[in-house]
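Undergrad: give me the fold of what follows.
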Amino acid sequence: MQSVDSILPKKVRIDDVIREVRSYLENPDLELIRRGYVFAMKHHEGQWRKSGAPYVDHPVATSYLLARMRLDAVTITTGLLHDTVEDCATVDSEMVKELFGEEIASLVEGVTKIGQMQFSSLEHQQAENFKKILMATARDVRVILIKLADRLHNMFTLEYVAREKRERIARETMEIYVPLAHRLGMQWVKTALEDLSFRFLNPRAYYDLVLRLSRGRKEREKYIEEVLALLKDLLGQHNIQGEISGRLKSIHSIYRKMQAQNLEFEEVMDIIAFRIILASVAECYEMLGLIHSLWKPIPGRFKDYVALPKANMYQSLHTTVIGLKGERMEVQLRTQEMHRVAMFGIAAHWRYKEGAATDKDGQKFDWLRQLMEWHRETEDPRAFLAGLKTDLFSDEVYVFTPKGDVLAFPKGATPVDFAYRIHTQVGGSCVGAKANGRMVPLRYEMQSGDRMEILTRKDQKPSRDWLQFVKTSTAKQKIRAYLKEEETERSLAAGHTILEKELSRYKLSMGKLEKAGDLLRIAQKYNYHAVDAMLAAIGYGKLSVKYVLQELVEPEKLEAGPVESAIDRLLKPLKRKKSESIKIQGIDDVLFRMAKCCSPVPGEAIVGFVTRGRGITVHTADCAIAATLDDERRVEVEWGEGGGQKTVATTIAVLAQDRAGILAAITSAIGSLEINIHEIHSTNLEDNNAEIHFVLEIKNIQQLQKMLAEIGKIKGVQSARRLRG
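TA: Down below sits the predicted model:
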């Protein structure tokens, strides 16, 4: 097994970078690379990493990883300079532009974090930085490749970071950078990031697997050699030229299989994979037939990614057979070009000449452009991060259009997602769908191989209910945009009526005021670009009419008492005694309730919505139901000083092996964190498993997360999660 640590030398030097660049570029601009190195050395002088190493080691290692991706000299140099603007007080973008040119300055700016803005939360900062990177990637895809190399080296040195920050970075890497590398087709980068994240998120399981794999290393090496000899002999008998290699699967992929199939390590069969690289597609299929004649294939384990490539352009034939000594083993067959794409992904399909990218193969990454297009419009940082993770989710289904074209969707996508992919108008007017000629509901989760057909009707409009089951960000954004436009029209009419009525009390004509420009002046004073925008805000209750009247009516003529806004009128009958647990837009005497659909726990991100007759309903920021609610009814809420002093009843579900002592181990882990258990319910499942539900008294989200992590470490526990609703 090739260890992830073998990707990088322990100490990377600039000579290592140059040697790597020379291995794949004929006439690289080595002078540019050396100038970048000298500049980085000078300006990072006196700076140190948490590991105690000179800071310049990081940009040198980043540039080495970019060379491993087979990128151009400009990108390699950017890797050397990528932290200078952000971390060196003596460097700014203009200096980089003057010394290294506009192309490198633009790339450095693209990967530089936003440092001068004030953020409401770490999540907000994270979202804005990712959004900035995506916008820069829209101009030049190399930005995201530099960011991946930067993150990969940071993961190699993550052990020196404080534990809480270490786990946060590892989780972010697993949730965003790993699927991003996968979607970009960069297999070795994805595998390395995945294993390194696993090492820090679950070190006990990681090192246990490393130990188990090391014990049988010699036997497996001997087995690989024997199989390689048989495969080489098979090639020779049929006069086929090819490269053959054998390897162990990655640590995290083995762990994922153990968890998914509830297997002990000894029960995992196909942890060895063989790869055969051939000259042509025809030889790939020919060799597949020869392998199946030599060893029995396992039904259902053959995958043809040559005829039906993955969305990230990956192509190979995969088959699992009962091989030598009755062992299961996977064999992959591909051409040299397929192998190049599998290893380098998007980097293999982009070429740079005279500072400009030529993207003949760019259409293969339309998903990246779509991703950036809709995220350009997403202002809510929580919605942005949730959508980003959904769009990058690695599990995919492949469905056919009526014309036979293949489209990729995230697992769980529905006909509505399909309809919006075809066209916004098709999505908004869809009333039904057919999968393989059979009528299916709009909530139907599409399966790979489905041939989809959408039924439309001219008078059909998008429904708010669709937001509860659509999967793709594109569909969600289009539906929300329609609903917002529709709500704006209603609010505009309501605002017009409210203002006209109030103005008439002072014998003022709304038409004359608008013609004279008075209403536009007032709108602009309150940061509305047009009168209609101000009227819509009045209709929503975002702006009180009293502020408009104060600009038009002399103070002594204004009637006593403030004019109530729409939200004021909604909340007036719902006043309650002051509470220390929730603060609502600076108001602390309004009735509120916790949403049952997501059961917020003190300390986690929350958001409130005005509910007519019921005050403020508080949801978690990532609640699926909250995502379907009208943004104009949304109010900012936060936990007050007393938010974490009371416990909240929270239910968790633990999936575990049904064996003696497992319940005692789980309750012991819960008790060690001083958490009170209210109720326990257990359900026996198939395969000797049980699902156990615990109703607990939780103080805050940190306590909940720590408890779930501790339970997840118990042997025999497959998953521990919080139940909502």
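Undergrad: give me phi/psi at the spatially closest residue to residue 683 that is not a sequence neighbour?
TA: Nearest residue to residue 683, sequence neighbours excluded (CB to CB, 6 or more residues apart in numbering): residue 691, at 5.0 Å. Quick note: C-beta positions are derived from backbone N, CA and C, even for glycine. Per-residue torsions, residue 691: phi -110, psi 120 (degrees, to the nearest 10).
Undergrad: what pLDDT is listed against residue 691?
TA: The model reports residue 691 with a pLDDT of 87.
Undergrad: tally of neighbours for the closest residue to residue 91 other than its chain neighbours?
TA: For residue 91, ignoring the flanking residues on the chain, the nearest one in space by CB to CB, 6+ apart is residue 84 at 4.4 Å. The tally of other residues near residue 84 (other CB atoms under 10 Å) stands at 23.
Undergrad: please apply the same query to residue 46.
TA: When neighbours are counted by other CB under 10 Å, residue 46 comes out with 7.
Undergrad: ok, now how distant is it from residue 54?
TA: 9 Å (CB to CB, to the nearest Å).
Undergrad: got it, and residue 627?
TA: 46 Å.
Undergrad: and residue 444, by the same measure?
TA: 57 Å.
Undergrad: so for these two, which sits in the more crowded spot?
TA: residue 444 (20 against 15).
Undergrad: phi, psi for the more buried one please.
TA: Dihedral angles (degrees, to the nearest 10) for residue 444: phi -60, psi 130.
Undergrad: so who does it touch?
TA: 414, 415, 433, 435 (CB atoms under 8 Å, 6 or more residues apart in numbering).
Undergrad: ok, the first one touching residue 443?
TA: Going back to what we said before, that points to residue 414. Yes - using CB atoms under 8 Å, residue 414 makes contact with residue 443 at a distance of 6.0 Å.
Undergrad: which residues do those two both contact?
TA: Common neighbours of residue 414 and residue 443 (CB under 8 Å, 6+ apart) are residue 469.
Undergrad: so between those two, which is more surrounded?
TA: Neighbour totals were compared for residue 414 and residue 443, and residue 414 leads with 22 against 14 (other CB under 10 Å).
Undergrad: contact partners for that one?
TA: 442, 443, 444, 445, 446, 469, 470, 471.
Undergrad: do residue 309 as well
TA: residue 315.
Undergrad: same deal with residue 424?
TA: Per CB under 8 Å, 6+ apart, neighbours of residue 424: residue 478.
Undergrad: the chain should start at 286 in everything you say after this.
TA: Okay, residue one is now 286; in that scheme the one you just asked about reads as residue 709.
Undergrad: relative to residue 997, how far out is it?
TA: 42 Å.
Undergrad: again, but for residue 573
TA: Applying CB to CB to residue 573 and residue 997 gives a distance of 40 Å.
Undergrad: what of residue 778?
TA: From residue 778 to residue 997 the distance is 53 Å (CB to CB).
Undergrad: more neighbours: those two, which one.
TA: Each of residue 778 and residue 997 has its neighbours counted (other CB under 10 Å); residue 997 has more, 18 against 13.
Undergrad: the residue lying closest to that one once chain neighbours are set aside: neighbour count?
TA: Leaving aside its chain neighbours, residue 997 sits nearest to residue 1005 (5.0 Å; criterion: CB to CB, 6+ apart). Residue 1005 sits with 22 neighbouring residues when counted by other CB under 10 Å.
Undergrad: where along the stretch 536-685 of the chain do the helices fall?
TA: 536-546, 566-579, 621-629, 651-661, 666-677 (DSSP state H, counting those that start in this stretch).
Undergrad: and residue 614, what does it touch?
TA: Here residue 614 is in contact with 512, 555, 557, 558, 559, 605, 606, 608 (criterion: CB under 8 Å, 6+ apart).
Undergrad: hmm, try it at 10 Å
TA: Neighbour list for residue 614: 508-509, 512, 531, 554-559, 580, 604-608 [criterion: CB atoms under 10 Å, 6 or more residues apart in numbering].
Undergrad: quick check: closest non-adjacent residue to it.
TA: Using CB to CB, 6+ apart, the closest residue to residue 614 is residue 608 (4.2 Å).
Undergrad: burial count for that neighbour?
TA: With other CB under 10 Å as criterion, residue 608 counts 23.
Undergrad: quick one: low-confidence ranges for the stretch 336-485 of the chain?
TA: 398-413, 416-417, 419-423 (pLDDT under 70).
Undergrad: all helices for it, in order.
TA: Going by DSSP H, counting those that start in this stretch, the stretch 336-485 of the chain shows helices at 342-353, 358-366, 369-372, 378-385, 387-396, 407-424, 427-441, 448-457, 463-468, 472-486.
Undergrad: mind putting these into TSV with distance to residue 736?
TA: Putting the helices of the stretch 336-485 of the chain into TSV (distance: least, CB to CB, whole Å) gives the following:
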stretch	distance to residue 736
helix 342-353	41
helix 358-366	42
helix 369-372	50
helix 378-385	51
helix 387-396	41
helix 407-424	33
helix 427-441	34
helix 448-457	38
helix 463-468	24
helix 472-486	30
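Undergrad: closest one to residue 804 among those?
TA: For these, proximity to residue 804 was assessed by CB to CB; helix 407-424 is nearest, at 34.0 Å.
Undergrad: hmm, the residue nearest to residue 614 is touching residue 558, no?
TA: No - contact criterion CB atoms under 10 Å: residue 608 and residue 558 do not qualify, at 11.0 Å.
Undergrad: next, show the common contact partners of the two.
TA: With CB under 10 Å, 6+ apart as the test, residue 608 and residue 558 both reach 614, 615, 616.
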